[in-house]
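K.L.:
here you go, sequence then predicted model.
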Amino acid sequence: MPSTSHKLLKIMAVICSWGAAGVTAGPVYTWRDADGGTHYSDTAPPAHLDYQTLELPPPPPAQPAAAGDYRAVLDVAERLQAARLERERLRLEREQAAVEALQTRQATAPGDDAPRDSAPWLVFPHPLRPHPGPHVRPHPHPDQPPVRHAPAPGPKTPSPTRAIVD
């Protein structure tokens, strides 16, 4: 019993042969213009021109495909199917090798009871805070009292009640 691809090839051959059968020969008109040029057309020229009608013989019927041509098409279809099956086989082999490699990795991996890290929890570093600049002092540690500085001594100004005598 022919496969689906063989049926498709037969259908395509029939459709292609129908396309060639639709072309038929019709009348061809020929005439000379005022400059002496010869024109050919499948439509009749204007009535004021003198023209001739040529009858072309119909094209010969299409020859049926030889048995060897049909066999060549079947051979190509078989080669394409064999190449597709080979690609599928190689794909399945790759998938099977990947599954085996995964099973091997899982078998050699340490068990769940094995310690993975020395720390029992995740340790994150302190978040990065941009430096505020020289004019801002950092906050004091909460365990220490805030530092209070004495005001800086300024220039000594004379008191308004005392007079300066030299």
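P.N.:
Perfect, I can see it now.
K.L.:
what's the mean pLDDT across the longest helix anywhere in the chain?
P.N.:
Criterion DSSP state H: the longest helix present in the chain is helix 67-108. The average of the pLDDT scores along helix 67-108 is 91.
K.L.:
please name every helix or strand in contact with that helix.
P.N.:
helix 4-21 (3 or more CB pairs under 8 Å, 6 or more residues apart in numbering; DSSP states H and E). Yep, even glycine has a C-beta here, placed from its N, CA and C like the rest.
K.L.:
tell me which helix or strand comes right after the helix it packs on.
P.N.:
strand 27-32 (DSSP states H and E).
K.L.:
okay, buried residues for that following strand please.
P.N.:
Residues 29, 31 are the ones in strand 27-32 that count as buried (16 or more other CB atoms under 10 Å).
K.L.:
please save the CA atoms from that strand in CSV.
P.N.:
Only the C-alpha atoms of strand 27-32 are listed here, as CSV (Å, rounded to 0.1, in the frame of the first residue of the first chain):
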residue,chain,number,x,y,z
PRO,A,27,-5.8,32.8,-33.9
VAL,A,28,-2.8,35.1,-34.3
TYR,A,29,-3.2,38.4,-36.1
THR,A,30,-0.3,40.0,-38.0
TRP,A,31,-0.1,43.4,-39.7
ARG,A,32,2.3,46.1,-40.8
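K.L.:
partner strands of the next helix or strand after that strand and their direction?
P.N.:
Next helix or strand after strand 27-32 toward the C-terminus (DSSP H and E): strand 38-41. Using DSSP bridges, the strands paired with strand 38-41 in its sheet are strand 27-32 (antiparallel).
K.L.:
contacts for the partner strand?
P.N.:
38-45, 49-56 (CB atoms under 8 Å, 6 or more residues apart in numbering).
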